[in-house]
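A.B. asks: sequence-free structure coming up:
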């Protein structure tokens, strides 16, 4: 009778362990990395437009790096080591992103960007004006 009690306890403990292990939820890190296509280095043209005209700089290098599965950091190196535009953006899908308001010098900018094939387009508007903007168009290197 004692052996039978021990056997039943052993079976009960084993069943409990099997149920506990089977019911454990695996970590589901199924977040899709939306940054894969846009990350990289681009070479292109930077244009800054105001009411008074436009400044265009060719051969501008821009780097796009991953911050998270849905966030990127963009660094437009207008004059490397001296002047540039750096901001973070949120991917809206694998080839489009939105840029929340950020400050560049004394101006607040916001906008969006997209990748079509190997061409990256970024359009930033100065908050509160229709004419002041910053654009970049470049090809992935």
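C.D. replies: Structure received. As the structure is a computational prediction, the values presented were derived from the model and not from experiment.
A.B. asks: burial count for the nearest residue to residue 120 once chain neighbours are set aside?
C.D. replies: Excluding the flanking residues, the one nearest residue 120 by CB to CB, 6 or more residues apart in numbering is residue 42, at 4.8 Å. C-betas here are computed from N, CA, C, even on glycine. Residue 42 has 23 neighbouring residues, counting by other CB atoms under 10 Å.
A.B. asks: for residue 42, give its distance to residue 116.
C.D. replies: 12 Å (CB to CB, to the nearest Å).
A.B. asks: so what sits against both of the two?
C.D. replies: Here residue 42 and residue 116 share no contacting residue, scored by CB atoms under 8 Å, 6 or more residues apart in numbering.
A.B. asks: contact partners for the residue nearest to residue 120?
C.D. replies: 61-64, 120, 136, 138-141.
A.B. asks: and it, bridged to which residues?
C.D. replies: Beta bridges link residue 42 to residue 62, residue 140 when assigned by DSSP bridges.
A.B. asks: list the residues that contact residue 130.
C.D. replies: Contacts of residue 130 by CB under 8 Å, 6+ apart: none found.
A.B. asks: I misspoke; the intended subject was residue 67.
C.D. replies: 35, 73, 88.
A.B. asks: so which of these belong to strands?
C.D. replies: Among these, DSSP state E puts 73, 88 in strands.
A.B. asks: between the contacts of residue 67, which is closest to residue 51?
C.D. replies: residue 88 (28.2 Å; CB to CB).
A.B. asks: per-residue pLDDT, the closest one?
C.D. replies: If you check residue 88, the pLDDT there is 96.
A.B. asks: repeat for residue 4
C.D. replies: At residue 4, pLDDT is 61.
A.B. asks: same thing with residue 111?
C.D. replies: At residue 111, pLDDT is 96.
A.B. asks: excluding its backbone neighbours, what's nearest it?
C.D. replies: residue 124 (3.9 Å).
A.B. asks: what does the helix or strand where that neighbour lies contact?
C.D. replies: Using DSSP states H and E, residue 124 sits in strand 119-126. Strand 119-126 has contacts (CB under 8 Å, 6+ apart) with 38, 42, 44, 62, 64, 74, 76, 85, 99, 107-115, 132-140.
A.B. asks: helices of the chain, residue ranges please.
C.D. replies: Counting by DSSP state H, residue ranges of the helices within the chain are 2-23.
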